[in-house]
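Trainee: sharing a sequence plus its predicted fold:
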Amino acid sequence: MERLTGLPKDKILDRLPYLGLDIEGTDKESVRIEYNPNRPDYSTDYGIARAMRGLVGTELGVKQYHAAAGKEQVLADKSLAKVRPFIACAVARKLTLDEETIRQLISMQEDLHNGIGRKRRKVAIGLHDLLPITFPVYYSAKDAKFAFTPLGSEEQMTIEEILQTTETGQAYGHILADTRAYPMLYDSKGVVLSFPPIINGLKTKVETSTRDLFVDITSTDARLGDEALAIVCSALADAGGALETVTVSYGKKKVVTPQLEPSRMKFDGELAQAVTGLSLTKKETRDALRRSRLDLDPKGFAVIPSYRVDILHQVDLAEEVVIGYGLDKMTATYPPSGDAGKFDPHASFLEGLCLTMAEAGFDETMSFDLVDGASLYGNFRRSSDSRLEVDNPRTAEHSLLRDSLLPSLMAVLGRNTKNEYPQRVFEAGKVFARGGSGVTEGVSIAALSAHSSSSFTEAKMYLEALVKKHLGELADTRPASHWAFAEGRCAEALIRGTPLGYLGEVKPSALAAFGLDVPVCGFELDLSKRSKPQG
């Protein structure tokens, strides 16, 4: 970093936090930092140094990267159209690679895999020694019996063996679980470069003797692949590499990569001022953006380098103005009111309820607003007519908006059957319901007690004590039916005739569904129907 920035160590340490980087620790030779995943260009020292030079003013504005026209070609076959259809490539020549540079590149590769690449599902990156490769290179599908020597092995292995026996095959093989057409990148002499997104071939392994690199990025989304390649190429150029383009042919369609030209976004000065509180002239705004390694052209457009894939909105540009201006230069602006602040009454009321439950021996839990259908409906065998389903959920476990806290609490008890009893848990959190033309949001508190002598009487005792202490009222109960509680062991709680919630003993079928061998009692109160809190 001292070499890349021209700054002494103390200055680097002083400025790193103002780039949005958290210093986790330091020693004599290195600094351990954490960067936010929205800044994948910070995945190498080269990217951090590039931003640092702008912040301290030694190198301002958009750094221009140029890839000379190259002769190399990649031929992509349509057999991968439904598997991993896109590939973007580049060449970097005249590199001097030492162990530290290779470590930086591999670290960047894995960070991009986990971030932009969504654990290689969307993007996979291959770095190869260019020397053993004979162009054109082919990107096409192979069957499970195809064999080559993968990185880390001295013997040929079939695709099937790689997926079943290698560490990366076991970790990422699920990405290709639904296909028999396995992506393969190989040259004109049959040398395998990569089996994306699983593993590279041995013959193009990158070592300290490597001088020229070939980069391939396969993806399910062409935009993400281009973004990842721009980040990789900017790092390779800063490491001393001379970039060259590669032509990718999809039949008659030809695409030249990498694309390193900056993009432009209309800059909204009024919004930036409103968001940041800074009243800057156009020149001061441009100077701030240039220190953030961006620019502002004469027509009022922000100029954004290709590796800044995080800038998506005007608010992102406003943030860059603040960073370039200097967070340490900003002063506090006090609100015009002379009144003192106070705690939100509703939040204080909830905190008081939770404190009371904790003092009564209940452990507080915090679960997701999104739940799975089995817990919310299947395990209680209740009607699903009012279910609030999420369109295109990422996982089945987070597919519904919950309308009750009880299933989440039952799931907690179900995961702790090997622990000692009694077990008492509670949660105060959001619940949702259909209302009017949309969804209404409310707040409930629910509690469950699990042990051999758990009963309706116990649930009523805790509910009445809670209501009396925090609502200043006596809770009445009347027999009722509820989807979570057993018939004849359930009641509705009321205050002056207004329904507040339900209490009872959990039905045996629900106990069995969650794997519980002891009785469970509890209650759930709708806090949106509560009376005015006391005090």
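Mentor: That came through, no problem.

Trainee: quick one: least confident helix or strand in the protein?
Mentor: helix 373 (a mean of 72; mean pLDDT, DSSP states H and E).

Trainee: show the subsequent helix or strand relative to that helix.
Mentor: strand 388-389 (DSSP states H and E).

Trainee: who does the following helix or strand past that next one touch, helix- and strand-wise?
Mentor: Using DSSP H and E, the helix or strand that follows strand 388-389 in sequence is strand 400-401. Helices and strands touching strand 400-401, by 3 or more Cβ pairs under 8 Å, 6 or more residues apart in numbering; DSSP states H and E, are strand 370-371, strand 388-389. The C-beta positions use only the backbone N, C-alpha and C, and glycine is treated the same way.

Trainee: please enumerate the helices of the stretch 401-535 of the chain.
Mentor: 406-414, 456-471, 508-513 (DSSP state H, counting those that start in this stretch).

Trainee: my error: substitute the stretch 101-250 of the chain in the last question.
Mentor: 159-165, 167-172, 222-238.

Trainee: rewinding a little: next, format the helices of the stretch 401-535 of the chain as TSV and append distance to Asp178, mean pLDDT and mean neighbour count.
Mentor: As requested, the helices of the stretch 401-535 of the chain are exported to TSV (distance: least, Cβ to Cβ, whole Å; pLDDT from 0 to 100; neighbours: other Cβ atoms under 10 Å):
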stretch	distance to Asp178	mean pLDDT	mean neighbour count
helix 406-414	29	92	23
helix 456-471	48	93	18
helix 508-513	31	90	16
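
Trainee: can those helices go into TSV with extra columns for distance to Phe267?
Mentor: As requested, the helices of the stretch 401-535 of the chain are exported to TSV (distance: least, Cβ to Cβ, whole Å):
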stretch	distance to Phe267
helix 406-414	45
helix 456-471	51
helix 508-513	56
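
Trainee: to Gln164, which of those lies closest?
Mentor: Nearest to Gln164, of all these, is helix 406-414, at 33.4 Å by Cβ to Cβ.

Trainee: mind exporting the closest one as PDB, just the C-alpha atoms?
Mentor: Below are the C-alpha coordinates for helix 406-414, written out as PDB (Å, rounded to 0.1, in the frame of the first residue of the first chain):
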ATOM      1  CA  LEU A 406     -46.800 -18.900  17.800                       C
ATOM      2  CA  PRO A 407     -45.400 -21.200  15.000                       C
ATOM      3  CA  SER A 408     -42.000 -19.500  15.200                       C
ATOM      4  CA  LEU A 409     -42.000 -20.100  19.000                       C
ATOM      5  CA  MET A 410     -43.000 -23.700  18.500                       C
ATOM      6  CA  ALA A 411     -40.200 -24.100  16.000                       C
ATOM      7  CA  VAL A 412     -37.700 -22.800  18.700                       C
ATOM      8  CA  LEU A 413     -39.000 -25.400  21.200                       C
ATOM      9  CA  GLY A 414     -38.800 -28.100  18.500                       C
END
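
Trainee: which parts of stretch 115-127 are buried?
Mentor: 115-117, 120, 122-127 (16 or more other Cβ atoms under 10 Å).
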